[in-house]
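> Based on what follows, work out the 3D shape:
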Amino acid sequence: MAYLSAVLLCFLAASSAPTPLYPLYQQAWGFSPAVLTLVFAVYAFSLLLALLTVGKLSDHLGRRLVIAIALSLELVAMAVFIEAPNVLWLMTARVLQGFATGMATSVLGAALIDRDSVAGPLLNSLTPMFGMAAGALGCSLLVEYGPWPLRLVYGVLAAAFLAQVLLLTWLPESVSRAAGAWASLKPAIQVPVQARAALWRALPVDVACWALGGFFLSLAPLLVRSTTGLSSPLLPGALVATLTLAGAAAIYSLRGQPATKVLRLGTGLLAGGLVLLLLAVHSGVAGLFFLATLVAGAGFGSGFLGAVRSVMPLAHAHERAALMAAFYVLSYLAFCVPALVAGLLVKALGLVATADAYATTLLLLCILSGLAMWRVPQDARTNA
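Residues are numbered from 1 along each chain as shown. Here you go, the predicted model:
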């Protein structure tokens, strides 16, 4: 469990590491906010492609082989980041990284549940939060205090991934090989019948959570800088870390609560954080931004935990990777598409008006989520 959690943490740390570097890339190569969100989005779209094609592969080839392939591809991505001379190379690195991360999240999520059906969903929810916080904040610190700001963080991550490749030989296999590996590569979203109702109930708040995360990993640092005047290199990492560590704290605190109760609480916290975010945008008060991020982050974490715990335990052993892939497909669509649309709208509407529209849309999703959960029969709410 420790090894699998560490690998998942490193993948998610690598995914958020470029966020503090985006202002430096913009200064060096002179691209617009729309291009910035495109750099962010190509990662997520590549991740989605992996989930749709190889997300189910470990159910057939075994967990260990697929983890090895994902780690190897991630090492290639780190090398491209280190050598990147322009935005095209940066996008190439993000595409490679996205595919590796998509492959890794489904197989590692399934492997964690293989080993413990109770702790596995908790670790699947908690580890990504710590990973994104570590990647964004650690990169910010390296930019502020270390040499080679556009390269050092990728070198550190590459060393960690290499060590994990070497340690993989000691990981026991948790599923037997099964026929149908080639057929599993056909793009499809497979949700077991017994999990479909729970997935639909959890979907509105899950979409709102991941859309908020996408905004914070792309445009939020620019928004805070433009409305408050803050320009510290630590700002992007501090924002992402506040969001994700608040999410991790909520996940840990609520780990023993019924899934539906956690979903309801997450919906309320997320809505409250969005209202505070709107107030912060129009007041320009930096402290209010971080308070909003703290509350919204708690909503992100509890909403994500409630969704995972409502859905994943309903799958059988050889359905878990496929269901995890489907869950992440929906989550990462919410992660990238709204942020990409927001990046395109900035030129026409401006950053503040775009942020207003974004937050309002997510508030509407929270209302929809509350209505969906209210319609669940009382006995289902009690037993969930």
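> residues near residue 162, how many?
Counted with other C-beta atoms under 10 Å, the neighbours of residue 162 add up to 15. C-betas here are computed from N, CA, C, even on glycine.
> Could you check how far the closest residue to it other than its chain neighbours is from residue 13?
Spatial nearest neighbour of residue 162, excluding adjacent residues (C-beta to C-beta, 6 or more residues apart in numbering): residue 75 at 6.5 Å. Distance, residue 75 to residue 13, using C-beta to C-beta, to the nearest Å: 14 Å.
> For residue 268, give me its contacts.
By C-beta atoms under 8 Å, 6 or more residues apart in numbering, residue 268 lies in contact with 299, 366, 370.
> mind listing what the nearest residue to residue 265 once chain neighbours are set aside touches?
Among residues not flanking residue 265 along the chain, residue 302 sits closest, at 5.3 Å (C-beta to C-beta, 6+ apart). For residue 302, the residues meeting the contact criterion (C-beta under 8 Å, 6+ apart) are 247, 250-251, 254, 262-263, 265-266, 269.
> circling back: restricted to helices, list the contacts of residue 268.
299, 366, 370 (DSSP state H).
> Among these, which one has the most neighbours?
Of those, with other C-beta under 10 Å as the count, residue 299 tops at 29 neighbours.
> Is it correct that residue 41 is in contact with residue 342?
No - here residue 41 does not reach residue 342: they are 10.4 Å apart, not a contact under C-beta atoms under 8 Å.
> more crowded one of these two?
Between residue 41 and residue 342, counted using other C-beta under 10 Å, residue 342 has the larger neighbour count: 25 against 22.
> which parts of the helix or strand that one falls within are buried?
Following DSSP states H and E, one finds residue 342 within helix 320-349. Within helix 320-349, the residues scored as buried using 16 or more other C-beta atoms under 10 Å are 320-340, 342-343, 345-346.
> cool, stretch 217-229 as well?
By neighbour count on 16+ other C-beta under 10 Å, the buried set for stretch 217-229 is 217-225, 227-228.
> Need the CA coordinates for that stretch. PDB is fine.
Extracted in PDB, the C-alpha atoms of stretch 217-229 (Å, rounded to 0.1, in the frame of the first residue of the first chain):
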ATOM      1  CA  LEU A 217      -4.200  24.900 -11.800                       C
ATOM      2  CA  SER A 218      -4.500  27.200 -14.800                       C
ATOM      3  CA  LEU A 219      -6.000  30.700 -14.400                       C
ATOM      4  CA  ALA A 220      -6.400  31.300 -10.700                       C
ATOM      5  CA  PRO A 221      -2.800  32.500 -10.100                       C
ATOM      6  CA  LEU A 222      -3.300  35.100 -12.900                       C
ATOM      7  CA  LEU A 223      -6.700  36.100 -11.400                       C
ATOM      8  CA  VAL A 224      -5.300  36.700  -7.900                       C
ATOM      9  CA  ARG A 225      -2.300  38.600  -9.300                       C
ATOM     10  CA  SER A 226      -4.400  40.900 -11.400                       C
ATOM     11  CA  THR A 227      -7.000  41.600  -8.700                       C
ATOM     12  CA  THR A 228      -4.700  41.900  -5.600                       C
ATOM     13  CA  GLY A 229      -1.400  42.900  -7.100                       C
END
